[in-house]
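Enquirer: Build the 3D model from these lines:
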Amino acid sequence: MRHRRRKWDRRQTIALAQTVALGLIALALSACADRTPLGAGDTAPGAGPAGGVVRAVRDGNWSARATWGGRLPGEGTAVQIPAGRQMELDVSPPTLGVVEIAGTLRFARTDLDLAATSILVGGALEVGTEQQPFTHRATITLVGDDRTAPPHGMGAKVLGVNGAGRLDLHGAPRTAWTKLAETAEAGASRLVLARPVDWRPGDRIVVTATGWDARESEEATVVAVNGAQVTLATGLRFRHFGRLQTIAGVEVDERAEVGLLTRNVHVTSRFGRDSLLGGHVMFTGDAQVRVSDVEFSRLGQPGILGRYPVHWHLMGEAPGTYVRRSSVHHGLQRGIIVHGTHRATVEENVVFDVRGHGVYVEDGSEQGTVIRGNLAALARKVRLEHVIEGSTRADRHDGRDTRASNFWLATANAIVTGNVAAGSEHGFGYWYDLATGNGHHPRNGGNSFTMGEFRGNVAHSQSADAGTALDYHPMEAGTALRFDGENFRATFRDLHAWKNMNTAVWMQCGQDVPGLVSVGNRVGAMNFCFHGRTATLRDAVVISESENRPVPGTVRDFFAARARPAQHAHHATHQDRRNMPWSYPVVMPMTLTNVRAIGFP
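Expert: Numbers count the residues shown, from 1 in each chain. All right, here's what the predicted structure looks like:
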């Protein structure tokens, strides 16, 4: 017995020593883990279980377990960053549940990915600053298939900024868009641009249509850049005109625009079973929103009101908020939306291939929206089954996405300067639809009929309709609206409109169009006067033909081949405008002052 006891004591001593050693190793590994960043997507020992909620308990790095009280957020975990907490995202965590930021979440200066079902910002989300833009790669991905609206009221799959939240997203400054300096024929794999660009191999770009078909805008991938020369991975499918012209002493610019889609800071969606449930980005309350050089792609939720790729929502006065030099492309429901918000700035952005209107000022209450220097191309019509819920055929406020336009405004009180509307499938370049707003419509004592500024804009390649249209008709049967010179006079100044399938300008009474240059449109200017007044076209040039000929023959031949037999000689009513057998300089009645028609019989 005594011999067995000595052998048992020896084994016990060895086991105890092994236990102590393992414990010391574990403590050492734990200390290292708190100091060593995780790899992208790694889950360290001690990470929280799938699901559940993890809350930051102190300031620090995301990768440090001590920041979370010992357990890192795991796959599907909901994350809370309380008010006052300062956190740096120094690793790419696994895909998370809802991330609530009441404190500050700042991206470290390294390549990062953040994926979550929703991200709610009541504190601050910072990816770079105005003074120090983010120069690495950052991707924010909204995930999931759950359409159930969460209790926060901003919808599912949202990057939402509410209350006094602050959103600073600032990518590396890039050349947003420019024009061709030489024509690129179909099959060409080299572009000569109007100025040197800072684009890089792997970047995606869009080259806009220069004929009558908006669908000839096409994407390409950059493989090399040498100053103003860009080499593409594959040849172009269509011809894109790229020369400045002088016709009868008038400079005519029908060059294709070339826009950059890629940015190093990217907000996008990941789809599961529900391929139509994209993420969306919404700003509300007194949020501070500063966004520059950011890419927004595959966002929007078809048929759901208020679920758009980029959306100011009922913020009231919001000077200092902006989205600049960014791209919004392949949107599932519209592009950039300003709703119930005053003095927001939308500047130098590229909006390409979105379902519905590209840049959209929603309800007529908005005052002083600045829309400057943007390129919007290929607005696609929305199928009826995806029209916004609540729309009807009789009151098509939101249903007018079936005639999606590059720029759509329910108020005239906006600053619209230096933009390019480069084609829509079935709508207009600029559509001022002043009777459809549901905010400060004139019957509510509002001022959506106070003209802001429209100057120096371009509209081309509208596949079915006009470059610019001004609509003001009653919202509903029995509503009478009065339009006279004292209360409303719209001025559309220095519009350059070319290769639009219908007309350069579709006017209604009380519109003044000085400085129009119209080239290769079916009609130079068209007026439909239902209120006993006339429109004015002055200091304008209407040109039938140019060197930009997307099809063989003349402009007259092109339209003659597509016209139905004319039913009336005067061609002065809405019903007749598609029956014109060839191109016309103007369709009356309107007042003409110093108007030249070039190339017409």
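
Enquirer: what about the stretch 301-450 of the chain, any weak spots by pLDDT?
Expert: Residues of the stretch 301-450 of the chain meeting the criterion pLDDT under 70: 384-400, 435-449.

Enquirer: which residues in it form strands?
Expert: Secondary structure of the stretch 301-450 of the chain by DSSP state E, counting those that start in this stretch: the strands cover 310-317, 322-324, 327-329, 336-342, 345-347, 350-355, 359-361, 369-372, 375-380, 407-409, 414-417, 420-421, 430-433.

Enquirer: for these, which one sits closest to residue 211?
Expert: Nearest to residue 211 among those is strand 375-380 (13.1 Å), distances taken as C-beta to C-beta. All C-beta spots, glycine's among them, are computed from the backbone N, C-alpha and C.

Enquirer: Packing partners of the closest one?
Expert: If contacts are counted by 3 or more C-beta pairs under 8 Å, 6 or more residues apart in numbering; DSSP states H and E, strand 375-380 sits against strand 257-260, strand 350-355, strand 420-421.

Enquirer: repeat that with 6 Å
Expert: strand 350-355 (3 or more C-beta pairs under 6 Å, 6 or more residues apart in numbering; DSSP states H and E).

Enquirer: what comes into contact with the strand it packs on?
Expert: 176-177, 206, 259, 327-333, 335, 358, 375-378, 380, 382 (C-beta atoms under 6 Å, 6 or more residues apart in numbering).

Enquirer: What of stretch 289-307?
Expert: 155, 167-171, 173-174, 263, 265-269, 276-280, 283, 308-310, 321, 323-333, 386, 388-389.

Enquirer: Show me what counts as buried in that stretch.
Expert: For stretch 289-307, burial by neighbour count (16 or more other C-beta atoms under 10 Å) applies to 289-304, 306-307.

Enquirer: just stretch 536-550 next, same as before
Expert: 536-537, 540-546, 548-550.

Enquirer: Please apply the same query to stretch 241-261.
Expert: 241-242, 245, 247, 252, 254-261.

Enquirer: so which pair among those residues is furthest apart in space?
Expert: Farthest pair in those, by C-beta to C-beta: 247 and 261, 32.9 Å.

Enquirer: What average pLDDT does stretch 284-296 get?
Expert: Stretch 284-296 shows a mean pLDDT of 97.

Enquirer: so how far is that stretch from its chain's centroid?
Expert: 12 Å (C-alpha atoms, centre = their mean, to the nearest Å).

Enquirer: Dump that stretch to PDB, keeping only the CA atoms.
Expert: C-alpha atoms of stretch 284-296 as PDB (Å, rounded to 0.1, in the frame of the first residue of the first chain):
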ATOM      1  CA  THR A 284     -32.600  62.000 -41.200                       C
ATOM      2  CA  GLY A 285     -33.100  64.500 -38.300                       C
ATOM      3  CA  ASP A 286     -30.200  66.900 -37.700                       C
ATOM      4  CA  ALA A 287     -27.600  64.600 -39.200                       C
ATOM      5  CA  GLN A 288     -24.300  66.000 -40.400                       C
ATOM      6  CA  VAL A 289     -23.500  64.400 -43.700                       C
ATOM      7  CA  ARG A 290     -20.300  64.900 -45.600                       C
ATOM      8  CA  VAL A 291     -19.600  62.400 -48.400                       C
ATOM      9  CA  SER A 292     -16.900  62.700 -51.100                       C
ATOM     10  CA  ASP A 293     -15.300  60.300 -53.500                       C
ATOM     11  CA  VAL A 294     -17.400  57.300 -52.500                       C
ATOM     12  CA  GLU A 295     -18.900  54.600 -54.700                       C
ATOM     13  CA  PHE A 296     -22.500  53.500 -54.000                       C
END
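
Enquirer: before we move on, the earlier item: among the contacts of stretch 289-307, which ones are buried?
Expert: Applying 16+ other C-beta under 10 Å to the contacts of stretch 289-307 flags 155, 167-171, 174, 263, 265-269, 277-280, 283, 308-310, 321, 323-333, 386, 388 as buried.

Enquirer: quick one: residue 312 from residue 454, how far?
Expert: From residue 312 across to residue 454, the span is 21 Å (C-beta to C-beta, to the nearest Å).

Enquirer: and what of residue 57?
Expert: 54 Å.

Enquirer: Pretty sure residue 245 sits against residue 252.
Expert: Yes. Between residue 245 and residue 252 there is a contact under C-beta atoms under 6 Å: 4.4 Å.

Enquirer: quick one: strands adjacent to the helix or strand harbouring residue 246?
Expert: Residue 246 belongs to strand 244-247 when assigned by DSSP states H and E. Partner strands for strand 244-247, per DSSP bridges, with pairing direction: strand 250-253 (antiparallel).

Enquirer: quick one: contacts of stretch 142-154?
Expert: With C-beta under 6 Å, 6+ apart, stretch 142-154 has contacts from 95, 115, 117, 120, 155-157, 160, 269-270, 272-274, 279, 282.

Enquirer: typo on my end, stretch 103-114
Expert: 81-90, 92, 123-127, 136-140.

Enquirer: Mind checking which of the residues you listed are in strands?
Expert: Among the contacts of stretch 103-114, the residues falling in strands (DSSP state E) are 81, 86-89, 124-127, 138-140.

Enquirer: What segments of the protein are helices?
Expert: With DSSP state H as the criterion, the chain has helices at 2-35, 555-560.

Enquirer: Ranked by average pLDDT, which of those falls at the bottom?
Expert: helix 2-35 (a mean of 39).

Enquirer: what's near enough to touch residue 376?
Expert: 351, 358-359, 406, 421.

Enquirer: Now distance to residue 232 and neighbour count too, for these, in CSV please.
Expert: Shown next, in CSV, are the contacts of residue 376 (distance: C-beta to C-beta, whole Å; neighbours: other C-beta atoms under 10 Å):
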residue, distance to residue 232, neighbour count
351, 22, 32
358, 24, 34
359, 27, 29
406, 25, 32
421, 25, 32
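
Enquirer: was I right about residue 158 contacting residue 117?
Expert: No. Counting by C-beta under 6 Å, residue 158 does not reach residue 117; the two are 9.1 Å apart.
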